[in-house]
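Asks: this is a predicted model, with the sequence first.
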Amino acid sequence: YNGDHNSLGYWYEWIKYKDRFEKTDERQLVRCGDSMPILWVNRPGGTLLGTLNMKTEEAYFSQAGKAECVLGKPLSEMMIIVRNLKGSPPWCPCDTCLTEQLTAHYGNEGNVEDETEQGPAAEEGAPGSIGQAETGTGATTANSTAEDGTGATSANGTVEDIYASLDSLNL
């Protein structure tokens, strides 16, 4: 699909079949009539995608000319796809989510782009400057060079630059 959770207002996730009744106000089952896709991940012989009849709770799988029907308790550990209507994927790499993650972790009170070019927080090594390492390395992301001799810098304080700087610190 085109877009992401910011532009569309939803995102998709595979969950265990047994968890389908949790968070029903936040997610919808992806289905077509009374059928939905189901993924048999712990299948002997490899993962296989099938179809689940939601009325009978029978899952049908087919591979190499052989068909299988699974029902009952084994379905509970299989995966189904849902559309999440709130929040964002925990692994989301978009600028919005990265900014929120960095703000939550480092306590950034302002806009990264604003503080990289102006104000006392943008001074090299200033306490509270955006992205200043908490590990004592002295590395910052506010257009300055690390004081520890590593030469770690961030060209303009974009989210990508901050993320790359954090990766280089191996936090």
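Replies: Cool, got the structure. Since we're looking at a predicted model, the values are computed, not measured. Residues are numbered from 1 along each chain as shown.
Asks: going by C-alpha atoms from here, please, whenever you check contacts or count neighbours.
Replies: Noted.
Asks: hmm, Phe76 is touching Lys18, no?
Replies: One correction, residue 76 is Ser, not Phe. Yes - judged on CA atoms under 8 Å, Ser76 makes contact with Lys18 at a distance of 4.5 Å.
Asks: quick one: average confidence on the helix or strand harbouring Leu52?
Replies: Following DSSP states H and E, one finds Leu52 within strand 48-53. For strand 48-53, mean pLDDT rounds to 97.
Asks: where do the strands sit along this structure?
Replies: For the chain, the strands defined by DSSP state E occupy 11-16, 27-29, 35-40, 48-53, 58-63, 66-71, 79-84.
Asks: could you dump the ones you listed into CSV and include distance to Thr103?
Replies: Converted to CSV, these look like this (distance: least, CA to CA, whole Å):
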stretch, distance to Thr103
strand 11-16, 22
strand 27-29, 27
strand 35-40, 36
strand 48-53, 39
strand 58-63, 44
strand 66-71, 46
strand 79-84, 24
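Asks: tell me which of these lies nearest to Trp91.
Replies: strand 11-16 (11.2 Å; CA to CA).
Asks: which strands and helices lie in contact with the closest one?
Replies: When contacts are defined as 3 or more CA pairs under 8 Å, 6 or more residues apart in numbering; DSSP states H and E, strand 11-16 packs onto strand 79-84.
Asks: the strand it packs on pairs with which strands?
Replies: Here strand 79-84 has these sheet partners by DSSP bridges: strand 11-16 (antiparallel), strand 27-29 (antiparallel), strand 35-40 (antiparallel).
Asks: quick revisit: what residues sit buried inside the strand holding Leu52?
Replies: Within strand 48-53, the residues that count as buried by 16 or more other CA atoms under 10 Å are Leu49, Gly50, Thr51, Leu52, Asn53.
Asks: with that, I have no additional questions.
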